[in-house]
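In: just coords:
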């Protein structure tokens, strides 16, 4: 067995239950971060997932259009009921 894992197992055996619980939470945290990292690496190579470059500018401000009558969104909701 790996000596690092043996040392870790020996240390855990000497810990209190509370300390062992904290160690377990830390191990879960490391596992979750690794899973996220693997997912991001997989997505980085996916052709459908593109991150914008650093040269992307903010979107320009769009003025809303106001009209007379009932809003189209309200008509669609009423029509579907």
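Out: Ah, there it is. It should be emphasised that the depicted structure is a prediction, and the values quoted were computed from it without experimental measurement.
In: what lies in contact with stretch 45-54?
Out: 43-44 (CB atoms under 8 Å, 6 or more residues apart in numbering). Just so you know, the C-beta spots here come from the backbone N, C-alpha and C atoms, and that holds for glycine as well.
In: just how off-centre is the host helix or strand of residue 11 within its chain?
Out: Using DSSP states H and E, residue 11 falls within helix 3-14. Offset of helix 3-14 from its chain centre (CA atoms, centre = their mean, to the nearest Å): 32 Å.
In: helix or strand right after it?
Out: Immediately after helix 3-14, counting by DSSP H and E, sits helix 17-45.
In: what does the helix or strand that that next one is followed by rub up against?
Out: Sequence-wise, the next helix or strand downstream of helix 17-45 (DSSP H and E) is helix 72-80. By CB under 8 Å, 6+ apart, no residue outside helix 72-80 reaches it.
In: picking up where we left off before, buried sites along the helix holding residue 11?
Out: Buried residues in helix 3-14, defined by neighbour count with 16 or more other CB atoms under 10 Å: none.
In: tell me the angle it makes with helix 17-45.
Out: On the basis of axes from the mean of the first three to the mean of the last three CA atoms, to 10 degrees, helix 3-14 is oriented at 140 degrees to helix 17-45.
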